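Engineer: Could you work out the structure for the sequence below:
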Amino acid sequence: RKREQVIKEDIYKQLNDARKEKDTSKLNLLGYIYGEIQKKEREGKTTIEFDDDKVIALLKAHIKKAKGNVELYAQSNETEKAAQEQSEIDILETFLPEQISEADLKVAVQAVIDSGVEPEMKNMGKIIGAVRAQFKAKGQEQAVDGKLLSDVVKASLA
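Structural biologist: Numbering: from 1, shown residues only. Purely as a prediction, here's the structure:
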């Protein structure tokens, strides 16, 4: 049985919509992303199908890089470039599952600490792993923002 490829298909559909609407910035971005997916599918000796989890990982990596660019452009007063990167982030985030809220992450972190894990910095990795495992069990592993989770854990250990 084929794994879910809903996001890849959605990207392709929106790529074609952007082509019809002559929305060049969206067309260029989605064309690049779709090309990256196809390139990665053909990378090894055998062709692999990119399921939603792999597409989400690729999108998150691109978003993370773009967020870094937004900060750099903002620091150097290149507001037009920063706005362009931000609009790309906004487009790509529409393909991601809804992210777990900070409040829900705080509850999950506290539950792990309450279960007997000592709230010390040396246990940060253990706490993050346990929280991720909780959301993975619910099928929401991709909805966890790693940076936000890390910040929540650090705050609860402070």
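
Engineer: all strands for this protein, in order.
Structural biologist: Counting by DSSP state E, the chain forms no strands at all.

Engineer: For it, give the helix that spans the most residues.
Structural biologist: Taking DSSP state H as the criterion, the chain has its longest helix at helix 52-75.

Engineer: other SSEs contacting it?
Structural biologist: Packing partners of helix 52-75 (3 or more CB pairs under 8 Å, 6 or more residues apart in numbering; DSSP states H and E): helix 6-21, helix 24-41, helix 79-93. C-beta: built from backbone N, CA, C; applies to glycine.

Engineer: Going by neighbour count, which residues in the last one are buried?
Structural biologist: Buried positions in helix 79-93, judged by neighbour count with 16 or more other CB atoms under 10 Å: 82, 84-86, 88-89, 91-92.

Engineer: Indicate which one of the helices and strands packed on helix 52-75 is closest to Lys122.
Structural biologist: Judged by CB to CB, the one of those that comes nearest to Lys122 is helix 79-93, at 33.8 Å.

Engineer: Just the angle for that closest one relative to helix 24-41, thanks.
Structural biologist: In terms of direction (axes from the mean of the first three to the mean of the last three CA atoms, to 10 degrees), helix 79-93 departs from helix 24-41 by 50 degrees.

Engineer: Any figure for the gap between the spatially most central residue of the chain and Glu21?
Structural biologist: What sits nearest the mean C-alpha location of the chain, by CA atoms, centre = their mean, is Lys60, with 3.0 Å. Distance check for Lys60 against Glu21: by CB to CB, to the nearest Å, it reads 26 Å.

Engineer: What of Asp52?
Structural biologist: Distance of Asp52 to Glu21, computed by CB to CB: 25 Å.

Engineer: Neighbour count: those two, which is higher?
Structural biologist: With neighbours defined as other CB atoms under 10 Å, Asp52 and Glu21 compare such that Asp52 has more, 18 against 10.

Engineer: Wait, that one touches Gln5, no?
Structural biologist: Yes. Under the criterion of CB atoms under 8 Å, Asp52 makes contact with Gln5 at 6.7 Å.

Engineer: How much space separates Glu4 from Arg132?
Structural biologist: In terms of CB to CB, Glu4 sits 20 Å off from Arg132.
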